[in-house]
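**Q** This is the structure alone, sequence omitted:
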DNA sequence: GATGAATGAGATTTCATTCAT
DNA sequence: CATGAATGAAATCTCATTCAT
């Protein structure tokens, strides 16, 4: 009965692993390729870069769009996890600390997945994707949702001025957009995360009481 | 009756006018269509919306990309003119006034050509364009070029802190990106130009000495 | 006003004609190709045989299936017209005459569009098509609908025995199926229409009172 | 305990049995699937329905077509056996009895393998198959071969009229086609075999002297 | 010039077949 | 042998561009 108790808990563990390895490779390739060549990049290019045949890609993703959505969701959930964790750690600390944690988390993620935000920015303007599943829409809004929550706390805790409350989240996101965009345009490659404290300082000076 | 009048005094003026009427209609259509449907929109869609046949479109623009470039250049030159004029009028006035003029000019242009910035944002992420004609690149950089010039003046005139000088232009652009983006995402439709003074106040509080 | 009354009634008559010429050529090609090579035949083959490019085919038919459906409908409406006319002419004449007219109309159509019935027979077994639009289903049932109407008249007029009434239509169709099928299998090419009286005689002997 | 018993007396029998179990399952699945979804059904679908992996299917059949041919041959040989037996039993009895036996045998087979004739009908129209292996062709002609033999006897024995001799076999097959087809189109599910006497009566009335 | 059907290169997608586990 | 992921040739479909009218 327990003949093979050691390695038989999940009969297909190995295969499952392989499966997810290929899937991850394809997603990683898609991330690179879509970022480098824009959303125009072909499915074949993505497959080749991942080191698999086209058919293999279609074993994992129903169609081109499913691939894109999967990529957005996977990376978004990662950034969401990172943000949740960061804000969780920042816990009861003052708003300034939390804001820095937010900037830091986003920028760190970007430093590691440089390509991803570039794709998000492209997708945001693709009406097609915006209109589709609300899942995609929600995915694309991960950043802003967190930002809104954060500034709501900032206002409640008295750290933020009440007057421009409606602009707060917009500006937080704008600051990120600004630095990310500069980064994508210039090929300069230093990490962005270190900018977090400066963005916080700027934001607080502008928005603080 | 006045059939002949046109080809006496101004032999080609009428033709030119007619030409530019069709051309303008096509550009306007392209602006709408690319903004609504993304850069994937087809040439045929653009032509139909402009009320002309595809063939006609190709009489005015060498190919699809030429159409896009022409659109970018036309609208950019318009925004450049507007910015030049705004900053010209603001002349020797203090930096705060000039900055407000800048924000105001950009946002006014956006209010009139809502679709345009959406397209610019899409193009910025299309590496394809980045690599190609430097004309296009320059076009896309109209906004940032002016912003850089502006903050350089701000620093020189002592209005801006020296510490974060490198971030100034990035943040000015980020603020614009922020509000424009919020506008595109939500369907809210009030004009953006009125936000100019608030953005200025915010920026100065954050970046001013 | 009536400057060009002679040839200006329908401004785009010529183009429309050309259009339908191409469409007809494609349908004719599809008929041949699907009959010769089976439903597996490729869209490209159909296009080439019609002397047009694939893209042209797709200008007229939304997709492969639409082409097939259009073919079935076009030819079915033709056979329906023929049947209606035949039975109309046979008018108040006795059942035997009407039945002969039916057989004759169907077999004549087959003699002229040999390929078509072969395709119908293939489609009848394609569950996919059967399940789709009821239009298709109705199209495929043109023959049996008319047969049912005919034998109903036969029974009412007292020409047909009442006992096997339920089988009548089935057998009429079976007889057609039989001769058509034999024809398709052997490459013998004589016309089938002359068989009509013999089929009638056979049917009446078997089913008549 | 009886592990060894198998490889003593009948060294390979068990293996053969097992083999044929899988093989039969695959053929049965193919019969269902091809009948339900048409000949376009995928190999994978057939394998899954049979409860095996695609690879396993390919262990038993060289390729997709070999599977189809095997199916046709297997079922045809069964129907041939059944027909031979039926006509053998009907032996020296009058033609009417033999014809009923024929109809009965065919329709009984169809009642048990409802799907099969649907497949045969599809294959008959696939020129591809017609051109290929004569084995397939012969297989598909099992029914008509027997029918031809039968009516030849009918004519010789004086039961059938001589005039329409050339149509006899065609009509016998047509009658079968008719009822089978009606059955496939309507979802009515009563057995067909009971129709045998009525078909005989009809045929004899029509074709008998 | 204006038109829009025709074109065909190229993108997406499918699926029979292979092969490492 | 059984498995099912990987493969890539071949099919379907799209769309920028041309050109006869």
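**A** Cool, got the structure. As the structure is a computational prediction, the values presented were derived from the model and not from experiment. Residues are numbered from 1 along each chain as shown, chains lettered A, B, ... in the order given.
**Q** what's the neighbour count on residue A:91?
**A** 9 (other C-beta atoms under 10 Å in any protein chain shown). Backbone N, C-alpha and C define where each C-beta goes, glycine included.
**Q** One more: residue A:192?
**A** 23.
**Q** Same check on residue A:69?
**A** Residues near residue A:69, counting by other C-beta under 10 Å, number 20.
**Q** Go ahead and confirm it touches residue A:135.
**A** Yes. With contacts counted by C-beta atoms under 8 Å, residue A:69 reaches residue A:135, the gap being 7.2 Å.
**Q** what ranges do the helices span in chain A?
**A** Taking DSSP state H as the criterion, chain A carries its helices at A:13-37, A:43-50, A:54-60, A:64-90, A:95-112, A:114-124, A:127-131, A:134-140, A:142-156, A:165-185, A:196-207.
**Q** Mind putting those into TSV with mean pLDDT?
**A** Shown next, in TSV, are the helices of chain A (pLDDT from 0 to 100):
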stretch	mean pLDDT
helix A:13-37	82
helix A:43-50	96
helix A:54-60	96
helix A:64-90	91
helix A:95-112	93
helix A:114-124	79
helix A:127-131	61
helix A:134-140	73
helix A:142-156	91
helix A:165-185	90
helix A:196-207	91
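**Q** Distance to residue C:93 added to the ones you listed, as JSON lines?
**A** Below are the helices of chain A laid out as JSON lines (distance: least, C-beta to C-beta, whole Å):
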{"stretch": "helix A:13-37", "distance to residue C:93": "72"}
{"stretch": "helix A:43-50", "distance to residue C:93": "65"}
{"stretch": "helix A:54-60", "distance to residue C:93": "62"}
{"stretch": "helix A:64-90", "distance to residue C:93": "62"}
{"stretch": "helix A:95-112", "distance to residue C:93": "85"}
{"stretch": "helix A:114-124", "distance to residue C:93": "71"}
{"stretch": "helix A:127-131", "distance to residue C:93": "62"}
{"stretch": "helix A:134-140", "distance to residue C:93": "66"}
{"stretch": "helix A:142-156", "distance to residue C:93": "78"}
{"stretch": "helix A:165-185", "distance to residue C:93": "84"}
{"stretch": "helix A:196-207", "distance to residue C:93": "94"}
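**Q** per the record, what domains does chain A have?
**A** Using automatic domain parsing, the domain parsing of chain A gives A:11-61, A:64-207.
**Q** quick one: is the first one near chain D?
**A** Put plainly, it is domain A:11-61. No. Contact of domain A:11-61 with chain D (C-beta under 8 Å from any C-beta of the partner chain) is absent, the minimum separation being 11.6 Å.
**Q** Taking chain A, what residue is nearest to chain D?
**A** Of all residues in chain A, the one sitting closest to chain D is residue A:59 (11.6 Å; C-beta to the nearest C-beta).
**Q** I'd say residue A:200 and residue A:98 touch.
**A** No. The pair residue A:200 / residue A:98 is not scored as a contact, 9.4 Å apart, by C-beta under 8 Å.
**Q** Now do the closest residue to residue A:160 other than its chain neighbours against DNA strand E, distance only.
**A** Spatially, and ignoring its direct neighbours in sequence, residue A:160 is nearest to residue A:154 (4.0 Å; C-beta to C-beta, 6 or more residues apart in numbering or on different chains). Going from residue A:154 to DNA strand E by C-beta to the nearest atom of the strand, to the nearest Å gives 43 Å.
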